[in-house]
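Visitor: what follows is a predicted protein model with its sequence.
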Amino acid sequence: MAFGVFGGAPGAPVVEAEPGRRSPVALLLLLPGIAYLALFFVVPFVSLVITSLQAPDPFGDIGRYVAAFRWENYVEVMTRYWPHILRSFGYALAATALALAIGYPLAYFIGVKLRRFKLLQALVLVLVIAPFFISFLLRTFAWKQILSDNGPVVTVLQSLTILPDDARITGTPFAVIFGLAYNFIPFMTLPIYTSLERLDVRYLEAGSDLYSNPVSTFFRVTLPLSMPGVISGTLLTFIPASGDYINASSEFLGSAETAMIGNVIEANFLKIENYPVAASLSIILMTAILLLVAAYVRRSGTKDLV
Amino acid sequence: MASSGADLELQAVTKRFPGFTAIEELNLTIPAGSFFALLGPSGCGKTTTLRIVAGLEDPSTGRVLIGDQDVTRTPAHKRPVNTVFQSYALFPHMTILENVAFGLKRRGEKDAVARAHEALRMVELDHVSGRKPAQLSGGQQQRVALARAVVNRPALLLLDEPLGALDLKLRRQMQVELKDIQTDVGITFLHVTHDQEEAMTMADTIAVMNKGRIEQLGAPAELYELPRTAFVANFLGQSNLFTGPVVSSKGDTIVVDVAGRKVAVPTARAQRHAGDVTIGVRPEKLLLHTADPGQTAGVNVLGPGRVHDVSFSGVSTQYLVGIPGIGTVSVFAQNMVSGPAVADGAEVWVTWGVEHGFGLADEPGEEPRFDPDDDTQAIAVAQRKRIEAELEEA
């Protein structure tokens, strides 16, 4: 499983080549990877940086830009869109917390409780991944139908007077966070599962033998030993969730008030054709995520990911 | 928490797992302050017994009492019991000090860190208190596991084959250390092991377990000198066993007809006094003679037979003697003179004092004899394997 690579335990010892003896074969084998990265990461990234510094063409139409070093783009974008940036990270954080609250017990159940029932374990794992067999867009759209103003959830809640008659669910931050959490739960569950699946229950027995009640054993033994999975899972949820533009879009679960940075970038690139704004926003998003992740990984004290 | 240990009492404890019964109606009392060993082959129920005492397993029926308190339904974390696990189970994400202080901290003891250091000093490992378990050798980890348990001053310390993973030399060293620690702290030790030598050198009382029951319980010397069943006779050391009908039971000896030879056993040392019986004698009690020693009162004689294997092991020599109609008899002779005193192929007689014989409680059935093999070690291993195979079939 791809998550295993990301969420794994402390990696196998790296076999170091003898110093001073570079095998040409090794370099040759690295070549496709280097070429791939150069073509699909370095070139677009440089192009994005150049675009983010462009200025509007004084003589051209709307959507025409010329090369420049207009760093003011970044300042303008920040002053204009800082609420969207904050909202993005706020929603992503809430969705990650929600996915963790649902994904961890699920992973624990599959990885520890179902350990002795291999067939059942495999079946439940397939069920966790099963939503991936249906398109992300379709699944989100289905939720839009379920949560819509005339849909079953709102109708029932209104008839039970839990929701007022004019209230709605779609278009609210709640719906967006819910949608994000729903879509990324498998990314949260699988790495935690791989960590817990290897958890030696004898440590838990040792905990209870040493006067630790079940709650304390969980926080002092189980959770620390599954931290590599929790870190991978939260990163695999938080990073794509903060850049997501499907759930928050008004065509799906969001509205204009819930627009995240991804929606702003999408609008600027595809609709307004304001490429420098979209590009500088992209770079700000990327930098912010990198800084947040670096701080998080550093704080979690794991060397697995850095 | 009691610091001088407490009595442990198991009352009619039975543990059934789906498909088999691990423990059958076990009654056991372990007095406070003793070093008690549960000895038996793998699968005999000894580890299950220990887990029931620790609270990691619930008995199907029966009661567990620690110092007159019924703890049958008490969860593991509330029992005044600590365990040294076979795998040590040291928390890999904590330092050695954190591991040792864990139990004290969970109980809210104020001087947890100071006491953890003290316990680490006791096992001479305070200098590695900042390391992680993976950075320690097996022997060091074992000592940390011991410190982590002893530091809590439990009423009862459970040892689940904690020396199993160590090499022989380290194991002997740890046996001595464990025994010293037990004497020092005075905690009741319950030690589970399949190593009869370990049980005999360390424990003051041994219970030999087989198929979920206790076969015999007593001091090591008592069990060795007077085994009551063939299982004990063979699991604890080696034995030469013979079967035959009792032909007379006058006075203080019974006389058994072993393939035409009269063999006497003290009545007080025999479990059965009539019918077909199994009697035995330890190999080191036998003497070899190269000429017919004749009949003497108080001495049993078997022979003539032929030596078909001599294995010299330094302190002693083992002879395997084939006696027509009886089979192979094993003799351990101390090397009082240099080298083997009797050559392979020699004609010999074996004798032993009547007072060394014992009579078993088993129905004489299948021959519980040793396969003649080339050395003591191999015989012991073969015997162990055979018993284990039998157990797995059962």
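Guide: Done, it's in. Remember, predicted model here, so these are calculated numbers, not experimental data.

Visitor: quick one: whichever strand in chain B runs longest to chain centroid distance?
Guide: The longest strand of chain B (DSSP state E) is strand B:299-312. The chain centre lies 28 Å from the centre of strand B:299-312; the measure is CA atoms, centre = their mean, to the nearest Å.

Visitor: equivalent analysis for stretch B:82-98, please.
Guide: On CA atoms, centre = their mean, the centre of stretch B:82-98 falls 26 Å from that of its chain.

Visitor: count of neighbours near the nearest residue to A:I289 once chain neighbours are set aside?
Guide: Take A:I289 and drop its neighbours on the chain: the residue closest to it by CB to CB, 6 or more residues apart in numbering or on different chains is A:I239, 5.8 Å away. For glycine as for every other residue, the C-beta is placed from the backbone atoms N, C-alpha and C. The local packing of A:I239 (other CB atoms under 10 Å in any protein chain shown) involves 18 other residues.

Visitor: from A:G262, how far off is A:I239?
Guide: Counting by CB to CB, to the nearest Å, the gap from A:I239 to A:G262 is 12 Å.

Visitor: likewise B:V329?
Guide: 88 Å.

Visitor: run through the bridge partners of B:N82.
Guide: Following DSSP bridges, B:N82 is listed with bridge partners B:L157.

Visitor: is it fair to say the residue nearest to A:I289 lies in a helix?
Guide: Yes. The assignment for A:I239 is a helix, going by DSSP: H, G, I helix; E, B strand; the rest coil.

Visitor: from the stretch 51-200 of chain A, which residue is nearest to chain B?
Guide: Nearest residue of the stretch 51-200 of chain A to chain B (CB to the nearest CB) works out as A:D200 at 7.6 Å.

Visitor: what's the spacing between that residue and B:A147?
Guide: A:D200 is 21 Å from B:A147, by CB to CB.

Visitor: which of those two has more neighbours?
Guide: The neighbour count for A:D200 versus B:A147, taken as other CB under 10 Å, is higher for B:A147 (25 against 12).

Visitor: and the residue nearest to that one when sequence neighbours are not counted, what is it in contact with?
Guide: Once flanking residues are discounted, B:A147 sits nearest to B:A119: 4.2 Å by CB to CB, 6+ apart. Residues in contact with B:A119 (CB atoms under 8 Å, 6 or more residues apart in numbering or on different chains) are B:V100, B:A147, B:R148, B:V150, B:V151.

Visitor: one more time with 7 Å, if that's ok
Guide: By CB atoms under 7 Å, 6 or more residues apart in numbering or on different chains, B:A119 lies in contact with B:V100, B:A147, B:V150, B:V151.

Visitor: and stretch B:14-31, what's buried?
Guide: The neighbour-count check on stretch B:14-31 (16 or more other CB atoms under 10 Å in any protein chain shown) flags B:K15, B:A22, B:I23, B:L26, B:L28, B:I30 as buried.

Visitor: oh sorry, the question was meant for stretch B:50-66
Guide: Buried, per 16+ other CB under 10 Å, within stretch B:50-66: B:50-57, B:59, B:62, B:64-66.

Visitor: now distance to chain A, secondary structure and pLDDT too, for those residues, in a markdown table please.
Guide: Converted to a markdown table, the buried residues of stretch B:50-66 look like this (distance: CB to the nearest CB, whole Å; DSSP: H, G, I helix; E, B strand; the rest coil; pLDDT from 0 to 100):
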| residue | distance to chain A | secondary structure | pLDDT |
| --- | --- | --- | --- |
| B:L50 | 11 | helix | 94 |
| B:R51 | 9 | helix | 94 |
| B:I52 | 13 | helix | 95 |
| B:V53 | 11 | helix | 95 |
| B:A54 | 6 | helix | 95 |
| B:G55 | 7 | coil | 95 |
| B:L56 | 5 | coil | 94 |
| B:E57 | 10 | coil | 93 |
| B:P59 | 17 | coil | 95 |
| B:G62 | 21 | strand | 94 |
| B:V64 | 15 | strand | 95 |
| B:L65 | 19 | strand | 94 |
| B:I66 | 14 | strand | 92 |
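
Visitor: want to throw the residues you listed into JSON lines with distance to A:E76?
Guide: JSON lines is the format used below for the buried residues of stretch B:50-66 (distance: CB to CB, whole Å):
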{"residue": "B:L50", "distance to A:E76": "72"}
{"residue": "B:R51", "distance to A:E76": "69"}
{"residue": "B:I52", "distance to A:E76": "72"}
{"residue": "B:V53", "distance to A:E76": "73"}
{"residue": "B:A54", "distance to A:E76": "68"}
{"residue": "B:G55", "distance to A:E76": "67"}
{"residue": "B:L56", "distance to A:E76": "65"}
{"residue": "B:E57", "distance to A:E76": "68"}
{"residue": "B:P59", "distance to A:E76": "74"}
{"residue": "B:G62", "distance to A:E76": "79"}
{"residue": "B:V64", "distance to A:E76": "75"}
{"residue": "B:L65", "distance to A:E76": "79"}
{"residue": "B:I66", "distance to A:E76": "74"}
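
Visitor: what's the nearest residue to the residue most central in space within chain B if we skip its chain neighbours?
Guide: Central residue of chain B (CA atoms, centre = their mean): B:Q196, 3.4 Å from the mean position. If the residues on either side of it in the chain are set aside, B:Q196 comes closest to B:L236, at 5.0 Å by CB to CB, 6+ apart.

Visitor: from A:A259, how far out is the one you found?
Guide: Separation of B:L236 from A:A259 (CB to CB) stands at 80 Å.

Visitor: do the same with B:Q86
Guide: Applying CB to CB, the value for B:Q86 to A:A259 is 59 Å.

Visitor: those two: which has the busier surroundings?
Guide: The residue with more neighbours, out of B:Q86 and A:A259 and counting by other CB under 10 Å, is A:A259; that gives 22 against 18.

Visitor: residue 42: neighbour count?
Guide: Answering for chain A, as no chain was given. Quick note: A:V42 (other CB under 10 Å) scores 11 neighbours.

Visitor: that's the other chain; I wanted chain B
Guide: There are 13 residues near B:S42, going by other CB under 10 Å.

Visitor: same question for B:G164.
Guide: Neighbour count for B:G164, taken as other CB under 10 Å: 15.

Visitor: ok, now B:F235?
Guide: Counted with other CB under 10 Å, residues neighbouring B:F235 total 27.

Visitor: good, we can wrap up now.
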